[in-house]
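> please work out how this folds:
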Amino acid sequence: MTLDEYLNQHGAAKKLSDKTGISPPEISRLRTGKKKVTFQNAALIEFGTDGAIKMETMLEDQHLRTVAGFIRANVS
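Residues are numbered from 1 along each chain as shown. Reported below is the predicted structural model:
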């Protein structure tokens with residue numbers, strides 16, 4: 001699921017902002033692709049969406065996607 005799909009299904013960026021600490025304007029920039037998703041924001045979004053959006057789907061860098069997958073596989 002993408003950030004756009006999640007927000008379309010679950011409501012305004014304000015709700016996700018409250019869960020993640022990422023400001024609504026920043027969520028909007030991430031949603032539209034005006035700003036790249038950092039590793040930290042990807043982690044916050046995954047946890048803030050209860051895993052509905054996976055970190056790997058938001059990260060462009062292959063090495064960061066690999067690290068995110070490793071973390072998921074080894075943390076319960």
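> enumerate the positions of the longest helix along the chain that are buried.
Counting by DSSP state H, the longest helix found in the chain is helix 62-74. Buried residues in helix 62-74, defined by neighbour count with 16 or more other Cβ atoms under 10 Å: Leu64, Arg65, Ala68. Bear in mind the C-beta positions are built from the backbone N, C-alpha and C, glycine included.
> do the same with stretch 31-43
Buried, per 16+ other Cβ under 10 Å, within stretch 31-43: Arg31, Val37, Phe39, Asn41, Ala42, Ala43.
> please tell me the pLDDT value assigned to the residue lying closest to the third one once chain neighbours are set aside.
This means Phe39. Among residues not flanking Phe39 along the chain, Leu64 sits closest, at 5.3 Å (Cβ to Cβ, 6 or more residues apart in numbering). Per-residue confidence (pLDDT) for Leu64: 91.
> Leu7: which of the buried residues of helix 62-74 is nearest?
Nearest to Leu7 among the buried residues of helix 62-74, counting by Cβ to Cβ, is Ala68 at 20.7 Å.
> leaving out chain neighbours, which residue sits closest to that closest one?
Going by Cβ to Cβ, 6+ apart, Ala68 has Met55 as its nearest residue, at 3.8 Å.
> ok now stretch 30-44, how far from the chain's centre?
6 Å (Cα atoms, centre = their mean, to the nearest Å).
> with that, I have no additional questions.
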